[in-house]
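Novice: Return a 3D structure for these sequence lines:
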Amino acid sequence: MQTTAADGTVSIVIQPTTTAPPPSAEFTRPPNPIEPQNPSVVSSAETTTSPDKTAATLLLERILEPLELGEANNRINPSRSATLYARPLPLIEALQRSGDRSRRLWITQAYWQVSRGYASIRFATEARERLQFIAPGSDPHDQMVLDVASAAAEADLADAHAELIAAQQQLVDLVRLPIGEPAPWPVDRPLAGSYETHFAAIFATRPATGRIRAIDRMLPSKHDAVEARAVAVEAAESAMNRAESDHARGKRPIEAVVAAHRMLRLQQQEFAESLATYNLDIAEYAMAVADTSVPDDRYVSMLIGTPIQWKPQPASNVIPATGLQPIEQTTTLPQP
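Specialist: From the prediction side, this is the model:
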């Protein structure tokens with residue numbers, strides 16, 4: 001049900017249903033609120049956020065796109081890199097394959113941890129390849145400093161692969177994916193925009209734990225942190241570009257380039273951590289609102305704006321990786 005205020009803003013209310021409606025063909029990626037289930041408590045002042053993409057949204061879109069797995073990325077272990085995107089896994093499929101809604105929170109949180117792992121792989125891969133293009137000066141000291149930074153970048157990428165494998169295995173165990181399948185690639189993106197909890201409306205007539213009350217109060221600050229971290233990544237990239245340019249013209253020592261490189265990597269890691277923490281808390285809040293009687297597709301729509309649609313596939317089939325990234329569309333919500 002939609003209610004339109006005098007200023008033209010619209011509030012969407014999803015009525016509770018006893019049966020699960022089929023998921024809509026497309027969803028958009030607005031800030032994704034949990035909607036109150038009582039129309040009388042919906043304020044007409046509730047509005048959707050501007051569709052303009054923020055720094056965090058733009059950065060998220062870039063880091064979760066599949067890597068171009070060229071020769072440079074295959075040097076550590078070609079077989080490992082070749083299977084990175086072999087098994088796309090939408091969140092709704094992960095939930096439905098498990099067959100156990102009591103695991104829903106665990107599966108969702110494991111899913112976002114794997115997503116974080118893929119962001120780390122991209123950051124580490126780009127960092128290593130960037131260092132390979134830096135030309136040392138005539139002083140042998142420059143080459144030695146660059147060798148240290150390059151070796152550290154190789155280690156970062158190897159660590160990122162190891163952490164991703166551990167996160168993927170946890171998700172595989174929770175979802176009960178077949179043993180012979182490639183490790184899952186989470187194609188649904190976490191939320192980078194603001195999140196409306198509608199806490200006062202939802203918990204007006206039922207108790208909320210202290211943890212849920214804290215999450216409600218923390219989410220705006222955590223969203224601010226995600227956005228600020230994205231801006232910090234942009235600034236660190238600019239600083240890295242300037243350091244490389246100055247070094248190429250002999251205006252800055254190699255240590256300045258390596259320091260800029262480390263600063264960029266730190267901000268990237270902090271962004272990935274902040275984004276994961278934000279979405280883990282959203283999942284915990286949504287689970288407190290939507291118990292196991294709520295269908296999986298509706299639960300997913302509480303978490304992300306554009307869930308990938310999934311239909312059961314034969315176990316032997318591999319879903320193509322192309323064309324799975326969400327596309328911005330006009331708003332289409334399931335009918336109550």
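
Novice: worst-scoring helix or strand of the protein, pLDDT-wise?
Specialist: strand 10-12 (a mean of 35; mean pLDDT, DSSP states H and E).

Novice: which residues touch Arg211?
Specialist: Contacts were defined as CB atoms under 8 Å, 6 or more residues apart in numbering; by that measure Arg211 touches Glu284. Bear in mind the C-beta positions are built from the backbone N, C-alpha and C, glycine included.

Novice: One more: Val175?
Specialist: The neighbourhood of Val175, defined by CB under 8 Å, 6+ apart, consists of Leu89, Ala94, Arg97, Ser98, Ile107, Pro184.

Novice: can you pull the pLDDT of the nearest residue to Ala286 once chain neighbours are set aside?
Specialist: The shortest distance from Ala286 to any residue other than its chain neighbours is 4.4 Å, reached at Met302 (CB to CB, 6 or more residues apart in numbering). For Met302, the model assigns a pLDDT of 88.

Novice: go on, the one 3 residues further on?
Specialist: Gly305 is assigned 62 on the pLDDT scale.

Novice: From the contacts of Val175, pick the one nearest Val258.
Specialist: When the contacts of Val175 are compared for distance to Val258, the smallest value, 35.4 Å, is given by Pro184; criterion: CB to CB.

Novice: ok, the closest one to Arg252 distance?
Specialist: Applying CB to CB, to the nearest Å, one obtains 43 Å for the distance of Pro184 from Arg252.

Novice: before we move on, what about Ser245?
Specialist: Counting by CB to CB, the gap from Ser245 to Arg252 is 9 Å.

Novice: Who has more neighbours out of these two?
Specialist: A count of neighbours by other CB atoms under 10 Å puts Arg252 above the other of Ser245 and Arg252, at 17 against 12.

Novice: To which secondary structure element type does the more buried one belong?
Specialist: Three-state assignment for Arg252 (DSSP: H, G, I helix; E, B strand; the rest coil): coil.

Novice: In the chain, what residue spans correspond to strands?
Specialist: Under the criterion DSSP state E, the chain carries strands at the ranges 2-4, 10-12, 88-89, 185-186.

Novice: ranking these by mean pLDDT, which is last?
Specialist: Confidence, taken as mean pLDDT, is least for strand 10-12 of the strands of the chain (a mean of 35).

Novice: Would you mind listing where this protein has pLDDT under the threshold?
Specialist: Counting by pLDDT under 70, the low-confidence segments of the chain come to 1-52, 69-81, 305-336.

Novice: In it, where's the longest helix?
Specialist: Using DSSP state H to define each element, the chain has its longest helix at helix 210-248.

Novice: and Asn279, what is it in contact with?
Specialist: Contacts for Asn279 (CB under 8 Å, 6+ apart) come out as Trp112, Pro190, Leu191, Leu303.

Novice: Revised request: answer the last question for Gln269.
Specialist: Under the criterion of CB under 8 Å, 6+ apart, the contact list for Gln269 reads Ser120, Phe123.
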